[in-house]
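S.K.: Predicted coordinates and the sequence they were generated for:
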Amino acid sequence: MTKGKTTTYEERIEIVSYCIEHGNDYTAAIEKYGVSYQQIYSWVRKYNEKGAEGLVDKRGKRKPESEMTEVEKLKAENRLLEARNRRLETENAVLKKLEELERRWR
């Protein structure tokens, strides 16, 4: 598999506009912009459902703390504490193993 082409919001709008203006000619859009059929199809579908707002890439975006409910804040804090706990447990296991290896070599 090849790595997909990274596009900006403006490029996605341009690609979708081109595709729609040409009667949903995905092949022409693929040749012109070098983006996969699946990606163009997905963008056109999202555009038809939600308009230009559907083309915004929201991956990896978090809600601002001011918009979170109390339950969401507690869940987020819990995830952070669990991650910290796992890190400390791993660190502790490594230190124990190091101690054991040092005792063997004495």
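M.R.: Alright, I've got the coordinates. Numbers count the residues shown, from 1 in each chain.
S.K.: from here on, contacts and neighbour counts on C-alpha atoms
M.R.: OK.
S.K.: do you know how far residue 23 is from residue 13?
M.R.: 16 Å (C-alpha to C-alpha, to the nearest Å).
S.K.: How about residue 26?
M.R.: 14 Å.
S.K.: Check what pLDDT residue 3 gets.
M.R.: Per-residue confidence at residue 3 stands at 64 (pLDDT).
S.K.: try residue 91
M.R.: We have a pLDDT of 95 for residue 91.
S.K.: what ranges of this protein fall below the confidence cut-off?
M.R.: By pLDDT under 70, the low-scoring segments of the chain are 1-4, 61.
S.K.: One more pass at 90, please.
M.R.: 1-8, 51-70, 72-77, 80, 105-106 (pLDDT under 90).
S.K.: Looking at it, which helix is longest?
M.R.: Taking DSSP state H as the criterion, the chain has its longest helix at helix 70-104.
S.K.: how far out from the middle of the chain is that one?
M.R.: Mean-position distance between helix 70-104 and its chain equals 25 Å (C-alpha atoms, centre = their mean, to the nearest Å).
S.K.: That one - contacts with which helices or strands?
M.R.: In terms of contacts (3 or more C-alpha pairs under 8 Å, 6 or more residues apart in numbering; DSSP states H and E), helix 70-104 is not packed against any helix or strand.
S.K.: so how far is residue 88 from residue 28?
M.R.: From residue 28 to residue 88 the distance is 54 Å (C-alpha to C-alpha).
S.K.: For residue 23 and residue 13, work out which one has more neighbours and name it.
M.R.: The neighbour count for residue 23 versus residue 13, taken as other C-alpha atoms under 10 Å, is higher for residue 13 (20 against 8).
S.K.: Could you pull up phi and psi at the more buried one?
M.R.: Main-chain torsions, residue 13, degrees, to the nearest 10: phi -60, psi -40.
S.K.: show me what contacts it?
M.R.: The contact partners of residue 13, by C-alpha atoms under 8 Å, 6 or more residues apart in numbering, come to 52, 55.
S.K.: mind running it again at 10 Å?
M.R.: Contacts for residue 13 (C-alpha atoms under 10 Å, 6 or more residues apart in numbering) come out as 7, 19, 43, 44, 47, 51, 52, 53, 55, 56.
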